[in-house]
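*Asks:* return a 3D structure for these sequence lines:
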Amino acid sequence: MLRTLFNKYLESRPCLTAFNDSENKQPRQNTHFILFPGNRWFNITLNQIMARPEWYKGVLHNHPWFNISLILKGGYWEKTEKEVKWYKPGSIIVRSANKYHSIWIEDSQDAWTLFLHGPIKKGFDFMQDGETVTVEQLGMKPAKYIR
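*Replies:* The predicted model follows:
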């Protein structure tokens, strides 16, 4: 019953979807807003992380805010400028707004995370082979709301 109520609540909330391709046919992440979309001070989201293309592992990004991820289900690999590490359910990851990273799942097993973030400090930045790149240069479009 609680799961049904929670699912209904999620369906009533905005969801931001990021895609692997410019045609918006291959979703790579759904961000379900538990609180308020567009809140510039803080937010809590439930993220469904899906399959990403092989090339994505070489692209690092950072976030506009400090953030904390709690892995709820599945798990993911995270690549930073220093290492590649596996995070399993129950893992807590704390990142500054300046920490570049890339995440991907294993064997098409979706990962679910609770994501908390602080106030917006800047925009997203992307890096490939040590060079700054734009979303468009990567052949992607900015994420879009699906409800």
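
*Asks:* where along this protein do the helices fall?
*Replies:* Using DSSP state H, the helices of the chain run over 2-12.

*Asks:* in it, which spans are strands?
*Replies:* Under the criterion DSSP state E, the chain contains strands at 15-19, 27-33, 43-49, 59-61, 67-73, 76-80, 84-87, 92-95, 101-104, 111-117, 126-128, 131-133, 144-145.

*Asks:* let's have those in TSV, adding mean neighbour count, mean pLDDT and distance to residue 7.
*Replies:* Where you see a C-beta, it was placed from the backbone N, CA and C, and this is true even at glycine. Shown next, in TSV, are the strands of the chain (neighbours: other C-beta atoms under 10 Å; pLDDT from 0 to 100; distance: least, C-beta to C-beta, whole Å):
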stretch	mean neighbour count	mean pLDDT	distance to residue 7
strand 15-19	18	89	12
strand 27-33	19	92	10
strand 43-49	19	95	11
strand 59-61	19	93	29
strand 67-73	17	98	14
strand 76-80	17	95	23
strand 84-87	13	97	25
strand 92-95	14	98	25
strand 101-104	19	94	24
strand 111-117	20	97	13
strand 126-128	17	93	33
strand 131-133	11	90	37
strand 144-145	11	62	19
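
*Asks:* in CSV, list those along with distance to residue 5.
*Replies:* Below are these laid out as CSV (distance: least, C-beta to C-beta, whole Å):
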stretch, distance to residue 5
strand 15-19, 17
strand 27-33, 15
strand 43-49, 14
strand 59-61, 34
strand 67-73, 17
strand 76-80, 27
strand 84-87, 29
strand 92-95, 26
strand 101-104, 29
strand 111-117, 17
strand 126-128, 38
strand 131-133, 42
strand 144-145, 23
